[in-house]
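> with the sequence up front, the predicted model follows.
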Amino acid sequence: MRRLRDQEGATLVEFALCSAVLFMSLFGIFGLCGALYSYNFVSDAAHEATRYALVRGSACTGFADCNITSAQLQTYVRNLNYPAIIPSNLTAVATWSGANSPSNAPGNIVTVTVTYTYPLNIPFWPQSGTILHLSSTSQMTISQ
């Protein structure tokens with residue numbers, strides 16, 4: 001009986017140590033899943049922005065925002081309103097290249113790179129508050 005009384009708090013201490021490791025691992029997995037979720041939307045935003053830019057070239061007609069600029073494309077990407085994505089952390093940069101003049105003429109290529117700064121927060125982790133820079137690039141030929 002005396003031996004049992006000497007170890008009454010041992011189980012509580014073991015549970016505290018094991019649960020701290022378990023919960024840190026669990027929240028780490030949740031944080032990384034959030035980063036993968038965000039990357040999926042960054043990739044989709046790059047594709048959508050490229051499609052938006054390829055129909056708004058120098059020969060565009062029928063849209064209010066024809067002959068689109070990189071700043072207008074940035075506004076478009078931030079207004080996509082993906083769930084759980086902070087619009088101010090999204091950056092879209094467009095570049096146009098090709099032999100036709102002007103640079104956004106039909107037949108040229110538009111390349112859009114979307115970058116998102118994802119704040120990775122894992123409780124009890126020394127590098128908590130780390131910023132991940134998620135980036136995706138899409139490229140298509142301008143049609144109009």
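Thanks, I have it.
> what packs against the longest helix seen in the chain?
Longest helix in the chain, counting residues (DSSP state H): helix 10-54. When contacts are defined as 3 or more CB pairs under 8 Å, 6 or more residues apart in numbering; DSSP states H and E, helix 10-54 sits against helix 70-78, strand 90-97, strand 109-120, strand 130-141. The C-beta positions use only the backbone N, C-alpha and C, and glycine is treated the same way.
> chain center to the first one: distance?
Centroid displacement of helix 70-78 relative to its chain, using CA atoms, centre = their mean, to the nearest Å, is 15 Å.
> that helix packs against which elements?
For helix 70-78, the packing partners by 3+ CB pairs under 8 Å, 6+ apart come out as helix 10-54, strand 90-97.
> again, only using 10 Å
In terms of contacts (3 or more CB pairs under 10 Å, 6 or more residues apart in numbering; DSSP states H and E), helix 70-78 is packed against helix 10-54, strand 90-97, strand 109-120.
> what strands flank the second one, and is each parallel or antiparallel?
By that I understand strand 90-97. Its sheet considered, strand 90-97 pairs with strand 109-120 (antiparallel) by DSSP bridges.
> quick one: Ala10 from Val21, how far?
Counting by CB to CB, to the nearest Å, the gap between Ala10 and Val21 amounts to 17 Å.
> what is the neighbour count of the nearest residue to Gly28 once chain neighbours are set aside?
Spatial nearest neighbour of Gly28, excluding adjacent residues (CB to CB, 6 or more residues apart in numbering): Ile122 at 4.8 Å. The criterion is other CB atoms under 10 Å. On that basis, Ile122 has 19 neighbouring residues.
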